[in-house]
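Enquirer: A structural model of the following input is requested.
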Amino acid sequence: MSRYAIGDVQGCHQALQRLLTALRFDPARDELWLAGDLVNRGPDSLQVLRFVMSLGERATCVLGNHDLHLLARAAGGRAGRQDTLDALLAADDCESLLAWLRHRPLLHEASGWVMAHAGIAPCWTLPQARKAARTAEAVLRGGDHQAFLASMYGDEPRRWSDNLDATAQLRFAINAFTRMRYCTPDGGLEFRAKGAPGTQPEPLTPWFATSSRAEIEPDLIFGHWSTLGRVHWPAHRVWGLDTGAVWGGRLTALDLDTRQLTSVECPENRRPEHLGD
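Expert: Numbers count the residues shown, from 1 in each chain. Modelled structure (predicted):
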(Lines give C-alpha, C1' and ligand atoms only; values in the text may rest on other atoms or scores of the structure.)
Protein backbone atom coordinates (compact mmCIF):
# COMPACT_ATOMS: atom_id res chain seq x y z
CA MET A 1 0.00 0.00 0.00
CA SER A 2 1.14 3.53 -0.85
CA ARG A 3 -0.19 6.80 0.51
CA TYR A 4 -0.04 10.03 -1.47
CA ALA A 5 -0.90 13.61 -0.51
CA ILE A 6 -1.95 15.86 -3.41
CA GLY A 7 -2.20 19.63 -3.60
CA ASP A 8 -5.07 21.80 -4.81
CA VAL A 9 -6.90 20.13 -7.71
CA GLN A 10 -9.44 22.95 -8.25
CA GLY A 11 -11.50 21.18 -10.86
CA CYS A 12 -8.52 19.98 -12.93
CA HIS A 13 -9.78 16.44 -13.50
CA GLN A 14 -7.52 15.63 -16.44
CA ALA A 15 -4.43 16.68 -14.49
CA LEU A 16 -5.52 14.59 -11.51
CA GLN A 17 -5.92 11.51 -13.69
CA ARG A 18 -2.49 12.09 -15.30
CA LEU A 19 -0.92 12.37 -11.86
CA LEU A 20 -2.59 9.20 -10.60
CA THR A 21 -1.38 7.38 -13.72
CA ALA A 22 2.17 8.61 -13.07
CA LEU A 23 1.88 7.35 -9.48
CA ARG A 24 0.40 4.02 -10.61
CA PHE A 25 -2.31 4.65 -8.09
CA ASP A 26 -4.44 1.59 -7.33
CA PRO A 27 -7.69 2.45 -5.51
CA ALA A 28 -7.94 -1.13 -4.25
CA ARG A 29 -4.65 -0.77 -2.42
CA ASP A 30 -3.48 2.85 -2.13
CA GLU A 31 -4.73 5.92 -0.28
CA LEU A 32 -5.07 9.56 -1.31
CA TRP A 33 -4.88 12.59 0.95
CA LEU A 34 -6.13 15.74 -0.75
CA ALA A 35 -5.16 19.11 0.71
CA GLY A 36 -8.45 20.85 -0.08
CA ASP A 37 -9.87 22.99 -2.87
CA LEU A 38 -11.14 20.10 -4.94
CA VAL A 39 -13.32 22.52 -6.88
CA ASN A 40 -13.59 25.86 -8.67
CA ARG A 41 -11.58 27.91 -11.16
CA GLY A 42 -10.78 24.76 -13.18
CA PRO A 43 -13.07 23.25 -15.84
CA ASP A 44 -14.22 19.96 -14.29
CA SER A 45 -15.23 20.44 -10.66
CA LEU A 46 -18.18 18.07 -11.04
CA GLN A 47 -16.01 15.23 -12.35
CA VAL A 48 -13.38 15.80 -9.64
CA LEU A 49 -15.95 15.70 -6.85
CA ARG A 50 -17.63 12.60 -8.24
CA PHE A 51 -14.31 10.81 -8.64
CA VAL A 52 -12.96 11.58 -5.16
CA MET A 53 -16.29 10.68 -3.55
CA SER A 54 -16.28 7.37 -5.46
CA LEU A 55 -13.01 6.39 -3.78
CA GLY A 56 -14.78 6.09 -0.44
CA GLU A 57 -12.44 5.48 2.47
CA ARG A 58 -9.42 5.36 0.13
CA ALA A 59 -9.53 9.17 -0.10
CA THR A 60 -9.31 11.75 2.67
CA CYS A 61 -9.89 15.39 1.78
CA VAL A 62 -9.73 18.41 4.06
CA LEU A 63 -11.92 21.41 3.28
CA GLY A 64 -10.43 24.37 1.46
CA ASN A 65 -11.75 27.88 0.95
CA HIS A 66 -13.14 27.04 -2.50
CA ASP A 67 -14.91 23.97 -1.15
CA LEU A 68 -16.53 26.14 1.52
CA HIS A 69 -17.39 28.71 -1.15
CA LEU A 70 -19.23 26.01 -3.08
CA LEU A 71 -21.22 25.10 0.02
CA ALA A 72 -22.02 28.77 0.62
CA ARG A 73 -23.13 29.19 -3.02
CA ALA A 74 -25.46 26.23 -2.64
CA ALA A 75 -26.86 27.82 0.52
CA GLY A 76 -27.73 31.01 -1.38
CA GLY A 77 -24.44 32.90 -1.36
CA ARG A 78 -23.18 35.06 -4.20
CA ALA A 79 -21.11 33.75 -7.10
CA GLY A 80 -17.50 34.82 -7.38
CA ARG A 81 -16.16 36.56 -10.49
CA GLN A 82 -14.12 33.52 -11.57
CA ASP A 83 -16.44 30.75 -10.39
CA THR A 84 -16.77 27.62 -12.53
CA LEU A 85 -19.35 25.87 -10.36
CA ASP A 86 -22.57 26.16 -12.37
CA ALA A 87 -22.46 22.68 -13.91
CA LEU A 88 -21.88 21.14 -10.49
CA LEU A 89 -24.72 23.09 -8.89
CA ALA A 90 -27.06 22.02 -11.71
CA ALA A 91 -26.12 18.32 -11.59
CA ASP A 92 -28.72 15.72 -10.62
CA ASP A 93 -26.43 14.38 -7.91
CA CYS A 94 -25.46 17.81 -6.57
CA GLU A 95 -27.24 17.31 -3.25
CA SER A 96 -25.42 14.07 -2.44
CA LEU A 97 -22.07 15.56 -3.52
CA LEU A 98 -22.57 18.61 -1.30
CA ALA A 99 -23.63 16.46 1.65
CA TRP A 100 -20.46 14.42 1.24
CA LEU A 101 -18.31 17.55 0.97
CA ARG A 102 -19.91 19.15 4.02
CA HIS A 103 -18.79 16.17 6.11
CA ARG A 104 -15.11 16.44 5.18
CA PRO A 105 -12.72 17.49 8.00
CA LEU A 106 -10.79 20.73 8.36
CA LEU A 107 -7.85 18.92 9.96
CA HIS A 108 -6.60 15.39 9.34
CA GLU A 109 -3.97 13.47 11.32
CA ALA A 110 -2.49 10.01 10.83
CA SER A 111 0.82 8.15 10.97
CA GLY A 112 2.99 11.07 11.96
CA TRP A 113 1.47 13.58 9.52
CA VAL A 114 -1.10 16.36 9.88
CA MET A 115 -2.91 18.14 7.04
CA ALA A 116 -4.95 21.34 6.77
CA HIS A 117 -5.71 23.34 3.64
CA ALA A 118 -3.94 26.59 4.57
CA GLY A 119 -2.16 25.46 7.74
CA ILE A 120 -2.49 25.74 11.49
CA ALA A 121 -2.64 29.14 13.19
CA PRO A 122 0.72 29.92 14.85
CA CYS A 123 -0.98 30.53 18.19
CA TRP A 124 -2.41 26.99 18.35
CA THR A 125 -0.83 23.85 19.69
CA LEU A 126 -1.99 20.72 17.91
CA PRO A 127 -4.57 19.89 20.63
CA GLN A 128 -5.95 23.45 20.33
CA ALA A 129 -6.12 23.17 16.55
CA ARG A 130 -7.80 19.80 16.85
CA LYS A 131 -10.44 21.21 19.20
CA ALA A 132 -11.12 24.21 16.93
CA ALA A 133 -11.44 21.95 13.89
CA ARG A 134 -13.83 19.53 15.55
CA THR A 135 -16.01 22.43 16.77
CA ALA A 136 -16.28 23.97 13.30
CA GLU A 137 -16.83 20.58 11.66
CA ALA A 138 -19.72 19.83 14.01
CA VAL A 139 -21.43 23.07 13.00
CA LEU A 140 -20.84 22.45 9.29
CA ARG A 141 -22.38 19.00 9.62
CA GLY A 142 -25.33 20.18 11.68
CA GLY A 143 -28.81 21.26 10.83
CA ASP A 144 -27.98 24.97 11.11
CA HIS A 145 -25.04 24.87 8.71
CA GLN A 146 -26.63 27.33 6.29
CA ALA A 147 -26.64 30.07 8.91
CA PHE A 148 -23.00 29.31 9.69
CA LEU A 149 -22.04 29.48 6.00
CA ALA A 150 -23.72 32.88 5.75
CA SER A 151 -21.77 34.24 8.73
CA MET A 152 -18.32 32.77 8.09
CA TYR A 153 -17.09 35.49 5.74
CA GLY A 154 -14.92 38.34 7.01
CA ASP A 155 -11.33 39.04 8.01
CA GLU A 156 -12.02 39.64 11.69
CA PRO A 157 -11.03 38.61 14.27
CA ARG A 158 -7.35 38.56 13.34
CA ARG A 159 -6.28 36.94 16.62
CA TRP A 160 -7.57 34.00 18.59
CA SER A 161 -8.88 34.37 22.11
CA ASP A 162 -10.81 32.04 24.35
CA ASN A 163 -12.94 35.09 25.17
CA LEU A 164 -14.25 35.47 21.62
CA ASP A 165 -17.91 34.62 21.13
CA ALA A 166 -18.78 31.40 19.32
CA THR A 167 -19.33 33.03 15.90
CA ALA A 168 -16.01 34.88 16.07
CA GLN A 169 -14.14 31.73 17.10
CA LEU A 170 -15.68 29.80 14.22
CA ARG A 171 -14.75 32.53 11.73
CA PHE A 172 -11.17 32.64 13.00
CA ALA A 173 -10.93 28.86 12.71
CA ILE A 174 -12.25 28.84 9.15
CA ASN A 175 -9.86 31.63 8.16
CA ALA A 176 -6.87 29.94 9.77
CA PHE A 177 -7.55 26.51 8.30
CA THR A 178 -8.53 27.66 4.80
CA ARG A 179 -7.30 31.22 4.00
CA MET A 180 -4.11 31.97 5.94
CA ARG A 181 -0.76 32.80 4.31
CA TYR A 182 1.00 35.57 6.23
CA CYS A 183 0.89 36.58 9.87
CA THR A 184 2.08 39.46 12.01
CA PRO A 185 4.88 38.68 14.50
CA ASP A 186 2.35 38.05 17.26
CA GLY A 187 0.42 35.56 15.13
CA GLY A 188 -2.34 37.82 13.83
CA LEU A 189 -3.79 36.72 10.48
CA GLU A 190 -3.26 39.00 7.45
CA PHE A 191 -4.98 38.33 4.12
CA ARG A 192 -3.87 40.94 1.59
CA ALA A 193 -0.37 39.63 0.83
CA LYS A 194 -0.45 36.59 -1.48
CA GLY A 195 2.92 36.51 -3.20
CA ALA A 196 6.01 34.42 -2.54
CA PRO A 197 7.94 34.88 0.71
CA GLY A 198 10.18 37.90 0.29
CA THR A 199 7.55 39.96 -1.51
CA GLN A 200 5.40 40.69 1.56
CA PRO A 201 5.47 44.00 3.44
CA GLU A 202 7.20 44.27 6.79
CA PRO A 203 6.74 42.87 9.39
CA LEU A 204 4.70 39.99 7.95
CA THR A 205 6.11 36.47 7.81
CA PRO A 206 4.75 33.20 6.39
CA TRP A 207 2.50 31.66 9.03
CA PHE A 208 4.83 28.68 9.42
CA ALA A 209 7.88 30.91 10.01
CA THR A 210 6.30 33.17 12.62
CA SER A 211 8.57 33.39 15.68
CA SER A 212 5.63 32.99 18.05
CA ARG A 213 4.46 29.76 16.38
CA ALA A 214 3.65 26.96 18.83
CA GLU A 215 5.68 23.81 18.32
CA ILE A 216 3.88 21.06 16.41
CA GLU A 217 5.61 17.71 16.25
CA PRO A 218 4.28 16.03 13.08
CA ASP A 219 5.25 17.31 9.64
CA LEU A 220 2.39 19.39 8.27
CA ILE A 221 0.93 19.22 4.74
CA PHE A 222 -0.97 22.18 3.32
CA GLY A 223 -2.06 23.68 -0.01
CA HIS A 224 -3.64 27.05 -0.81
CA TRP A 225 -0.43 28.95 -1.64
CA SER A 226 0.38 28.57 -5.34
CA THR A 227 3.00 31.34 -5.28
CA LEU A 228 4.97 29.85 -2.38
CA GLY A 229 7.95 29.04 -4.60
CA ARG A 230 8.97 25.67 -3.22
CA VAL A 231 7.28 22.65 -1.65
CA HIS A 232 9.40 21.57 1.31
CA TRP A 233 10.45 23.91 4.11
CA PRO A 234 12.43 21.49 6.30
CA ALA A 235 13.33 24.01 9.02
CA HIS A 236 9.62 24.42 9.71
CA ARG A 237 8.55 20.82 8.97
CA VAL A 238 5.94 21.86 6.41
CA TRP A 239 5.12 20.76 2.86
CA GLY A 240 3.17 23.21 0.66
CA LEU A 241 1.69 21.13 -2.16
CA ASP A 242 -0.22 23.78 -4.13
CA THR A 243 1.96 24.19 -7.22
CA GLY A 244 -0.57 26.08 -9.33
CA ALA A 245 -2.25 23.36 -11.38
CA VAL A 246 -5.25 25.56 -12.15
CA TRP A 247 -2.95 28.37 -13.32
CA GLY A 248 -1.02 26.27 -15.85
CA GLY A 249 1.58 25.13 -13.33
CA ARG A 250 1.87 21.61 -11.94
CA LEU A 251 -0.18 19.22 -9.85
CA THR A 252 2.03 17.67 -7.18
CA ALA A 253 1.88 14.55 -5.01
CA LEU A 254 3.95 13.64 -1.97
CA ASP A 255 4.55 9.98 -1.16
CA LEU A 256 3.97 9.91 2.59
CA ASP A 257 6.20 6.89 3.09
CA THR A 258 9.22 7.76 0.92
CA ARG A 259 8.77 11.57 0.93
CA GLN A 260 9.31 11.56 -2.82
CA LEU A 261 7.57 14.24 -4.89
CA THR A 262 5.86 13.57 -8.23
CA SER A 263 4.40 16.31 -10.43
CA VAL A 264 2.64 16.59 -13.78
CA GLU A 265 2.50 19.70 -15.94
CA CYS A 266 -0.89 21.31 -16.54
CA PRO A 267 -0.49 23.27 -19.81
CA GLU A 268 -4.19 23.05 -20.61
CA ASN A 269 -5.00 25.46 -17.79
CA ARG A 270 -4.65 29.22 -17.88
CA ARG A 271 -2.12 31.33 -16.11
CA PRO A 272 -3.51 34.05 -13.84
CA GLU A 273 -4.01 37.69 -14.64
CA HIS A 274 -4.28 38.13 -10.88
CA LEU A 275 -3.16 35.30 -8.64
CA GLY A 276 -6.19 34.17 -6.67
CA ASP A 277 -6.92 32.26 -3.50
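Enquirer: does Met1 really touch Pro27, like I thought?
Expert: No: judged on C-beta atoms under 8 Å, Met1 makes no contact with Pro27 at a distance of 11.3 Å. No exception for glycine: its C-beta is placed from N, CA and C like everyone else's.
Enquirer: the more surrounded of the two?
Expert: With other C-beta atoms under 10 Å as the criterion, Met1 and Pro27 differ in neighbour count, and Pro27 comes out ahead with 14 against 9.
Enquirer: for Ala138, see how far away the closest residue to Ala5 other than its chain neighbours is.
Expert: Nearest residue to Ala5, sequence neighbours excluded (C-beta to C-beta, 6 or more residues apart in numbering): Trp33, at 4.1 Å. According to C-beta to C-beta, to the nearest Å, Trp33 stands 22 Å off from Ala138.
Enquirer: hang on, the earlier thing: who touches the residue nearest to Ala5 in this structure?
Expert: By C-beta atoms under 8 Å, 6 or more residues apart in numbering, Trp33 lies in contact with 3-6, 59-61, 108, 113, 115, 221, 256.
Enquirer: could you do Ala214 as well?
Expert: Contact analysis of Ala214 by C-beta under 8 Å, 6+ apart lists 122-125, 128.
Enquirer: where does the residue of the chain positioned farthest from its centre fall, secondary structure wise?
Expert: Taking C-alpha atoms, centre = their mean, the residue of the chain most remote from its mean C-alpha position is Asn163, at 27.0 Å. Following DSSP states H and E, there is no helix or strand that holds Asn163.
Enquirer: hmm, back to that, part of a strand, is the residue nearest to Ala5?
Expert: Yes: with the criterion set as DSSP: H, G, I helix; E, B strand; the rest coil, the secondary structure at Trp33 is a strand.
Enquirer: change the start of the numbering to 16 and stick with it
Expert: Right, with 16 as the first residue, what we last looked at is Trp48.
Enquirer: for it, list each beta-bridge partner.
Expert: Using DSSP bridges, the bridge partners assigned to Trp48 are Ala20, Thr75.
Enquirer: measure it to Cys76 for me?
Expert: Between Trp48 and Cys76 the computed distance is 8 Å (C-beta to C-beta).
Enquirer: what are the boundaries of the helices in this structure?
Expert: In the chain, the segments counted as helices under DSSP state H are 28-38, 60-69, 80-89, 101-105, 109-117, 141-155, 160-166, 181-193.
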